[in-house]
Each structure stands twice: as structure tokens, then as C-alpha cells.
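*Asks:* using only what follows, build the 3D model:
(one chain, ligands or ions: 1)
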Amino acid sequence: MFVEYIDRKEVLDSIKDVLRIPSVVSEPLPGKPFGEECAKALEHTLRLAESMGFRAVNLDNKVGYAEYGTGEEMIAVLGHLDVVPAGDNWICEPFDGTVIDGKIYGRGIADDKGPIIGALYALQAVVRSGKPLGRRVRIIFGSDEEVDCTDMSRYLETEEIPAMAFTPDAEYPAIFSEKGILYYTLSKRVKGLVSAHGGEAVNQVPDSAEMTFLSAGKAVTVKSRQGRAAHGSVPQLGINAIDDMVKNLKSMPEYENMDESLKEFIRFYERYYLDDFYGEKVGMAMEAPEVGANSSNVGILFSEDDEIGIKVDFRFISQYQGETEGVERLKKLAEDHGLTLDIYKTRKVVYVPKDSGLIRVLQRVFKRNTGIDMEAVATGGGTYAKFLPNTVAFGPLFPGEEDPIHQPNEYMSEENLFKNIEIMADAIYELANYEKSDG
Ligand SMILES: [Zn+2]
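*Replies:* Numbering: from 1, shown residues only. The predicted structure follows:
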């Protein structure tokens, strides 16, 4: 329907321009809260939007948007221009947009520069088609998604809330439910600890762990023998190396002479966390039809001065439990065992009913453009949908497609990039004109 209004060469050139800006969040500079490159990527994108005839607004170099149309209400597409660092093992320059065998390679091509610049071109295609739009359309460009999402807090301070929105920053089909998230630390002052280290990120199952402690005055090291990384929202798919290390420790003769304060922490870990993917041991498990079960992942073991601690990624299906009841339980747990609790990140549950207009429109659009008839899905994920009402994740990865996100050689095929733009154009048009009577 809108495909003839998409200039493929222009889109590709434009996405490459943005991929060439290495917009990894870095040290703040005056007026550039996420560093030079993030500010550059945002400014560049807003100038591009202006050149297409859209109104462009930059909010303190934290977040910006392009807007088109008139009308009381507004619908939006949200995405982000910041990326995670490139890392090693690329087959080409990570910040360039090299095309090999019909695939575009580059950090951010799938997460999320390709999709969100694509959304801008989707809007352009709808405008060029001359079809009327009943609502205004905003394409919102965040710059802090990979770190703290303070961009969305800035948006919410002064900006209009869309009537409906989607974020092409996960997968198809539409994601009607996302679990809420609590990241927390539990730590304890102990004696006889030299060092402890396991895992790289709280939202990952750690694949290695080790600890050095004093046993009868002698330094002894225990290591994990096995571990397998997996995303922290599906800990049952990995092998937790911290669990494995604790099991090894218990079988060592030197464990006997470990300081009692450190033993207390190990016993605490065994009782409340060992081999538990669902928060059962801390009394925070919950399961419901359609949205799945709570999950709990000990992602990091650390030591700092005379403290030892763990960082946990807990994902929940019930906002009350995650916000109120679960937090009370954790406080009590910490108090009862002489631990320090620090809840350092919280994210809300997303739940938009499957029979809502938003989900019905997105599902209809997806089916029309791909021929795939799948029900909307629930995930443990964390997208911008958590910050706005009536907002869900939708795309850009297709069912069964390999997930290249945050990996070396992140790519998207040209075919899928343009399929995404067609789907988004259709979704923008349908949402902007949606009437409740449409069903
Ligand atoms: Zn993303």
C-alpha cells in the first residue's frame, strides 16, 4: 500500500549516515548529558526529520521527536539512537553499515537505529501517499535506552502522552505484556574474604564465578566448573556459575575453616537463591495464564572492601507484588539476616489487553503484510513500553529469525528492513485513523 512511496536508496544511505555515529552513552558534557556522539546522532536525525518537512523538537539532547499532522490526539512510534559498545569479533567495521550478501551490518542496525530511522521513512511514505491522517504522528528518538532510560523521564516531564504507541525494539508479533523488573543488591560485611567475582551483567546468567577466602589463615580459591550464559529474563535456559561455585565450595575441605560470618552468607545464599529460577525460595514466585511466571536471576557476585554481595534481576507479572509485597519481603529478608538491601532499578509491568484496539490493529497489520497469523505474545522484556500507557513493543525481529542484538556482527537483511518500514507505515496509518467502532 505504501511501498511505492519508499525510496530504498535514500533510506539505506540515511541509515548508514546514522550508523556511522558511534552513539554509545558516555561521560556527560555541558548540554550533552549522554556525551558527544549521542547528541550528534539525535541532532543529525532531527535535521533529517526537518528536511522531510516534519516539526522537530530536541529536549535537552536527552530525547527528541519529529511530528506531523493536525488533530487533537497523537499516536507515536518510539525508539532509540543510543547503542551498546561494539565489542570484538566483527567481520567488518561496526560503525559503518557494510552490506554483505544483502545483509546490512552495523552496531544499531537492528537495535534500534534501523527500525527508528525506518519509522521516520514509514511516516514519510504515509504522508507522500496523500492519505488523510485523523491524528498527529510523532516519531520519538530516545538516547539513553541502553543505560538508564532517563530520556523517557525527561519526555514525561513536559510532553504530551500519545493516545497509542508502539516501539519497534523487540520482536513480532505485538507484545501485549512485559514483566515488571526489580534489580537489587543484597550485601553483607564479612571477615576472611579476599575477593569474589562472578558475572558481567545483572540481566545475564553468569558463565563464570570465583571467590578467594581465608581458611586457617591461608588464601584458598574456589571457581565454578561450569556455567552457561543466557538472558536474565529466562534464567532456566542457562547454568548459573555462582550456583555451581557455591556447590563446589561446600565439597572443599577448606570450607570448614572459613570464617563463620562468610559461612553465614553462603548458607543464606543456599537457602534463598541456589538453583531457583522463579523466586520460590524467597517466597516471590507467581504464575498466571498467558503472561507466564516470575523469574529470578542472580547475575553478579561481587566483593567491595569487607563486603560480599549479589545482584539479582527479578521479573514479575503482578505490579502489586513487584512494587509492594515483594519489596516488603526483601526488606524483611535483609533485616532478618543482617544484610544491606539496595533496590536500584524498577520497571513497571506492561499489560495491554489482547482485545484492545491497539493490539487488534497491530495484529491485523502484521498479518496483512506478512501472511503470518500469530497471537500477540507475552515476554519478560524491558522496552520503552514500560514508560507510556497504551504502548507495546512491535517488531523489528520476525518470528524464528536469529537474534543479533548486542552481538558482534549485528545485522538486518535489506529485505527485513524494508518489510519493517512497510509494516510500520501501515500501522501508523491505521492507528492514526483508528475509531473504536472499527473493532
Ligand atoms: Zn533496543
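
*Asks:* roughly how far does the nearest residue to D88 once chain neighbours are set aside sit from the ion?
*Replies:* Among residues not flanking D88 along the chain, P408 sits closest, at 6.5 Å (Cβ to Cβ, 6 or more residues apart in numbering). Placement of C-beta: from N, CA and C, glycine included. P408 sits 16 Å away from the ion, going by Cβ to the ion, to the nearest Å.

*Asks:* residues making contact with the host helix or strand of Y155?
*Replies:* For Y155, the host element (DSSP states H and E) is helix 150-158. Identification of contacts with helix 150-158 by Cβ atoms under 8 Å, 6 or more residues apart in numbering yields 33-34, 59-60, 62-63, 80, 140, 142-145, 384, 387-388.

*Asks:* what do you get if the cut-off is 7 Å, keeping everything else the same?
*Replies:* 59-60, 62-63, 140, 142-145, 384, 387 (Cβ atoms under 7 Å, 6 or more residues apart in numbering).

*Asks:* how near is N203 to the ion?
*Replies:* Look at N203 and the ion: by Cβ to the ion, they are 13 Å apart.

*Asks:* so what's that residue up against?
*Replies:* Applying Cβ under 7 Å, 6+ apart, the residues contacting N203 are 231-232, 299, 313.

*Asks:* who wins for most neighbours among those?
*Replies:* G232 (28 neighbours; other Cβ atoms under 10 Å).

*Asks:* quick one: that one and the ion, what's the gap?
*Replies:* With distances taken as Cβ to the ion, G232 is found 15 Å from the ion.

*Asks:* that residue is in contact with Q204, isn't it?
*Replies:* Yes: G232 is within contact range of Q204, at 5.4 Å (criterion: Cβ atoms under 7 Å).

*Asks:* anything in contact with each of these two?
*Replies:* G299.

*Asks:* so where is the protein shaky, pLDDT-wise?
*Replies:* 437-439 (pLDDT under 70).

*Asks:* which SS state does the residue nearest the centre of it fall under?
*Replies:* The residue lying closest to the centre of the chain (Cα atoms, centre = their mean) is G382, at 4.2 Å. Look at G382: counting by DSSP: H, G, I helix; E, B strand; the rest coil, its state is coil.

*Asks:* which residues does it contact?
*Replies:* Shown in contact with G382 (Cβ under 7 Å, 6+ apart): 178, 181, 347.

*Asks:* so which bits of this protein are right by the ion?
*Replies:* When proximity is defined as Cβ under 5 Å from the ion, the chain approaches the ion at 111-112, 169.

*Asks:* any figure for the gap between the residue of the chain positioned farthest from its centre and the ion?
*Replies:* Relative to the C-alpha centroid of the chain, counting by Cα atoms, centre = their mean, A216 is the outermost residue, at 45.3 Å. From A216 across to the ion, the span is 50 Å (Cβ to the ion).

*Asks:* follow-up on the earlier one: give the buried residues for the helix holding Y155.
*Replies:* 150-152, 154-155 (16 or more other Cβ atoms under 10 Å).
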